[in-house]
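A.B. asks: take this sequence and fold it.
(4 chains)
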Number of protein chains: 2
Amino acid sequence: MTTETGEATGNLADQLLRLTRRLHRTQKEHLRPLGITPAMARLLRTAAHSPEPLRMVDLAQRLDVVPRAVTSLVDGLEAYGMVRRVPDPANRRVVRVELTDDGRAALEQLRAARRAAAEELLAPLGPEQRRQLGDLLTALVADPGSGRANCA
Amino acid sequence: MTTETGEATGNLADQLLRLTRRLHRTQKEHLRPLGITPAMARLLRTAAHSPEPLRMVDLAQRLDVVPRAVTSLVDGLEAYGMVRRVPDPANRRVVRVELTDDGRAALEQLRAARRAAAEELLAPLGPEQRRQLGDLLTALVADPGSGRANCA
DNA sequence: TATTGTTATACTCTATAACTATA
DNA sequence: TATAGTTATAGAGTATAACAATA
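C.D. replies: Got it, this is the predicted structure:
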């Protein structure tokens, strides 16, 4: 517990990566019938979650990716008729991403697919363990920026 | 705080994916000076961990990827002179992957890089929380087939 | 016929850089 | 000049399918 901290930390990274590889695979599989990819699904959920249509930059920030990546994802979703690019009257540089009716209709299936994938992955954990994991992940995800300030 | 297990489960998936995206990015950065990618680093560690040179199929299984993916990774590591493909005298179909001296020398730097990346990511967590997270991930990653007793 | 590894190919996801058009 | 989004390009990671060599 004392000298093995480093090794254990490294193992955490490995386990995390392995787990995510699985999650990604399962999610992809569950999403295949819908025709869209996990990243597109995530963008769709993010866009739906906002009370008003988000800009491309906002989406990039919330998805924690570079703006260019958003362009591709929106392209894909637009091809599937699930989102629509609408110009912002107040600032002609910005593009806002709106869900179409089809996109909104797909949301429920999307959520079901994601839940199924997560459920499949998290099967070994009981409710209390899931709550624990949720708390830990929230603590990790909470501080995106420079970090280092909250821990001595 | 509602008891909506489904939604919470979905959020877990999201947080996991977001976290791993970050981990991957950080790891890549820390590994850049060494010239190899995270996936190659993982293969190298896996190969080093085995008492005797593993077959391509073994590596695929342990890395949880398809055999074809291993070919590419070993190609890359071989180009960097870190592993060597050696024929198996007992079965001329199999190829075994051996670490070279350079590969073995790189291991320590690799581990340091991985630790640094994980450390950066896990900064918000204290020792006890890391232990908890490790336990949870171990429970999740444990192979369904192997008789690992983690039942609640 | 089954297993081992490979060639060939393609797709997802993401990144950087340079460009356009606004502001 | 700074901002928003795009085109162009690249690379990591992984997958399927067809194939050759071997068992």
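
A.B. asks: would you list the phi and psi of A:L44?
C.D. replies: The phi and psi values for A:L44, taken as degrees, to the nearest 10, are phi -60, psi -40.

A.B. asks: A:R62 is in contact with A:L54, correct?
C.D. replies: Yes - counting by Cβ atoms under 8 Å, A:L54 does reach A:R62; the two are 7.4 Å apart. No exception for glycine: its C-beta is placed from N, CA and C like everyone else's.

A.B. asks: more neighbours, the two?
C.D. replies: The neighbour comparison of A:L54 against A:R62 (other Cβ atoms under 10 Å in any protein chain shown) goes to A:L54, with 22 against 16.

A.B. asks: distance check, that one against DNA strand C.
C.D. replies: 16 Å (Cβ to the nearest atom of the strand, to the nearest Å).

A.B. asks: can you pull the phi/psi pair for the residue nearest to A:L137 when sequence neighbours are not counted?
C.D. replies: Closest residue to A:L137 apart from its sequence neighbours, by Cβ to Cβ, 6 or more residues apart in numbering or on different chains: B:Q15 at 3.9 Å. The phi/psi pair for B:Q15 (degrees, to the nearest 10) reads phi -60, psi -40.

A.B. asks: just A:R84 next, same as before
C.D. replies: phi -140, psi 140.

A.B. asks: picking that back up, what residues are up against the residue nearest to A:L137?
C.D. replies: Applying Cβ atoms under 8 Å, 6 or more residues apart in numbering or on different chains to B:Q15 gives the contacts A:134, A:137-138, A:140-141.

A.B. asks: helix/strand/coil for A:D75?
C.D. replies: helix (DSSP: H, G, I helix; E, B strand; the rest coil).

A.B. asks: report pLDDT for it.
C.D. replies: Here the pLDDT value assigned to A:D75 is 98.

A.B. asks: count the neighbours of it for me.
C.D. replies: Counted with other Cβ under 10 Å, A:D75 comes out at 13.

A.B. asks: please tell me I have it right and A:G35 contacts A:Y80.
C.D. replies: Yes - taking Cβ under 8 Å as the definition, A:G35 is a contact partner of A:Y80 at 6.2 Å.

A.B. asks: who's more crowded, those two?
C.D. replies: Per other Cβ under 10 Å, whichever of A:G35 and A:Y80 has more neighbours is A:Y80, with 17 against 12.

A.B. asks: and the more buried one, how close does it get to A:L43?
C.D. replies: To A:L43, A:Y80 is 12 Å away according to Cβ to Cβ, to the nearest Å.

A.B. asks: just to revisit the earlier point, of the contacts of B:Q15, keep whichever come out buried.
C.D. replies: Buried residues within the contacts of B:Q15, defined by neighbour count using 16 or more other Cβ atoms under 10 Å in any protein chain shown: A:137, A:140-141.
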